[in-house]
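need coordinates for the following:
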Amino acid sequence: MEPRETTKFRFSGGGYKCPYCSSGTGWSYLRNHGKEFGQCFSCGKKNFPGKNLNIPTQSYALKEKPLLPDKYISEEIVQKSLKCYDLNPFVLFLESQFGKDGTQKVLSQFRIGTAKNGGTVFWYVDKARNVRKPKVVYYNLDGKRIKGKKPNFGGYTNDKGYRLCLFGEHQLQKNYFPVDTPVFMVESEKTACIGYLAMPQYIWVAIGGDKVNLERANALKGRQVIILPDADEPGRKGSESTSQILTKLSISNKILDLFPERNDKTDLADYIISLHHTNKTEVISRQIPVVNTLPENKKVMLEVLFHNNPILWSLTEKLGLVVKDVKLT
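Sure, this is the predicted structure:
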């Protein structure tokens, strides 16, 4: 950044009037050059000395803070939070909807903890299993957020080197789920947990209230992502922005709006719970697009096969079949 030069002024404080508008408070004069040389901040007129005079100036440049290296949270700190679930309203809510066994699975899957003041701790763990940040959220026993109590990061802030990844990103590491497992991306940690309990065959990640940038989205490379927006304008705009970023990284993605005609902030988590209780979660799963993951050479073989056998293509479409592989015999 180029340094800026500023001329040293001193306000007259009423001791010298502006020679143009007679203001006794707006005139500021140049140090070491007499009170007649200066600028009036009332009328805007200036009276600077000739160019041959050496006016003292002060140079400065805004210094950019160096970016701190990523910091991670120790396993010891995480372990201390993984208890006192009988005092955690969010956990008690999950138990009322999915039972203790199901709730125990999601606590283990996402490493959900309890804060000292009864808040729910959502640990953000990346693909390399580094614990990046905790997010503490406060819930009532009905699973709704407590009004007036904002989420916090327990002092683990960006300026200290603790940066967010996607919530649930650790599920994207190798051998955790098959690479072709669809990834559902939602807004909140709560929805990701409930989505996993209702449809555990899929990967559930959450943005966590922060915008998705290229760095956070990079973890999704090679995956098929289905974005589930909230039922309001901000939710849909956020989903469009996320989709654009994923597309820029050549990540297969689709926005699946479950409430296209509604703008009433319908709770996505409540909707998933209702589908779970009525055994209708296929309402969501059947809308997952089929992605052809065949290598390029096998795609060509498949095109030739269907071109030479149009009846085979017709049957494949009518029966809803998916070609997994092509082999020469």
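
where do the strands of this protein begin and end?
Assigned by DSSP state E, the chain shows strands spanning 4-7, 9-11, 27-30, 38-40, 46-47, 57-60, 112-114, 120-125, 131-137, 183-186, 203-206, 224-227, 252-255.

mind listing what's buried in stretch 156-173?
For stretch 156-173, a neighbour-count test (16 or more other Cβ atoms under 10 Å) marks Tyr156, Tyr162, Arg163, Leu164, Cys165, Leu166, Phe167, Gly168, Glu169, His170, Gln171, Leu172 as buried. In this view, the C-beta of every residue, glycine as well, is placed from N, C-alpha and C.

which one of those residues sits closest to Pro89?
When these are compared for distance to Pro89 (Cβ to Cβ), Phe167 wins out at 19.1 Å.

burial count for Lys149?
Neighbourhood size, Lys149 [other Cβ atoms under 10 Å]: 13.

same deal with Lys83?
The burial count for Lys83: 11, using other Cβ under 10 Å.

I'd like to know how far it sits from Leu214.
37 Å (Cβ to Cβ, to the nearest Å).

show me what the lengthiest helix in the chain packs onto, helices and strands only.
Longest helix in the chain by number of residues (criterion: DSSP state H): helix 89-110. When contacts are defined as 3 or more Cβ pairs under 8 Å, 6 or more residues apart in numbering; DSSP states H and E, helix 89-110 packs onto strand 112-114, strand 120-125, helix 189-198, helix 268-277.

contact partners for Leu246?
Contacts for Leu246 were tallied using Cβ atoms under 8 Å, 6 or more residues apart in numbering; they are Val212, Ala217, Leu220, Val225, Asn253.

now do 7 Å
Ala217, Leu220, Val225, Asn253 (Cβ atoms under 7 Å, 6 or more residues apart in numbering).

start to end distance for stretch 160-177?
32 Å (Cα to Cα, to the nearest Å).

one more: stretch 214-222?
OK, stretch 214-222 end separation, Cα to Cα: 14 Å.

for that stretch, which positions count as buried?
Arg216, Ala217, Ala219, Leu220.

check stretch 78-86 too.
By 16+ other Cβ under 10 Å, the buried positions in stretch 78-86 come out as Val78, Ser81, Tyr85.
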